[in-house]
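Participant: I'll drop the sequence and a predicted model, then ask my questions.
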Amino acid sequence: MEGVHGKLMNEENEWDHGISAEVKEGPAGCIRIGEVAAALEKMNMDKAPRLSGLTAEMIQATVS
């Protein structure tokens, strides 16, 4: 990586702690297959995996 992108990927960024969220207690909500399938239809295929290492194609293969 060169230029701006290489610099961004190798820099530590300051966290301003300006974002806050409430803690959710209790059981997590149920995620239905139909909801996952609908979200997958909106996703761009052929994208590189994020931190999880999963691509949309990998998830789609488990839902289909």
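Facilitator: On my side now, so go ahead.
Participant: my read: residue 45 touches residue 56, true?
Facilitator: Yes: the pair residue 45 and residue 56 passes the contact test of CB atoms under 8 Å, sitting 5.4 Å apart. Bear in mind the C-beta positions are built from the backbone N, C-alpha and C, glycine included.
Participant: from residue 28, how far off is the residue positioned nearest the centre of the chain?
Facilitator: To find the centre residue of the chain, average its C-alpha atoms and take the closest one (CA atoms, centre = their mean): that gives residue 50, at 6.5 Å. Computed with CB to CB, to the nearest Å, the distance linking residue 50 and residue 28 is 21 Å.
Participant: with residue 21 instead?
Facilitator: 15 Å.
Participant: before we move on, what about residue 54?
Facilitator: Summarising the geometry, the distance separating residue 54 from residue 28, computed by CB to CB, is 19 Å.
Participant: with neighbour numbers in mind, choose between those two.
Facilitator: residue 54 (11 against 6; other CB atoms under 10 Å).
Participant: from residue 23, how far off is that one?
Facilitator: Computed with CB to CB, the distance linking residue 54 and residue 23 is 26 Å.
Participant: of residue 45 and residue 56, which one has the most company?
Facilitator: Looking at residue 45 and residue 56 with other CB under 10 Å, you find the greater number of neighbours at residue 56, namely 17 against 9.
Participant: OK, contacts around the more buried one?
Facilitator: Shown in contact with residue 56 (CB atoms under 8 Å, 6 or more residues apart in numbering): 40, 43, 44, 45, 47.
Participant: next structured bit after the longest helix anywhere in the chain?
Facilitator: In the chain, taking DSSP state H as the definition, the longest helix is helix 33-42. Sequence-wise, the next helix or strand downstream of helix 33-42 (DSSP states H and E) is helix 56-63.
Participant: against residue 21, how distant is the residue nearest to the centre of the chain?
Facilitator: Residue 50 sits 20 Å away from residue 21, taking CB to CB as the criterion.
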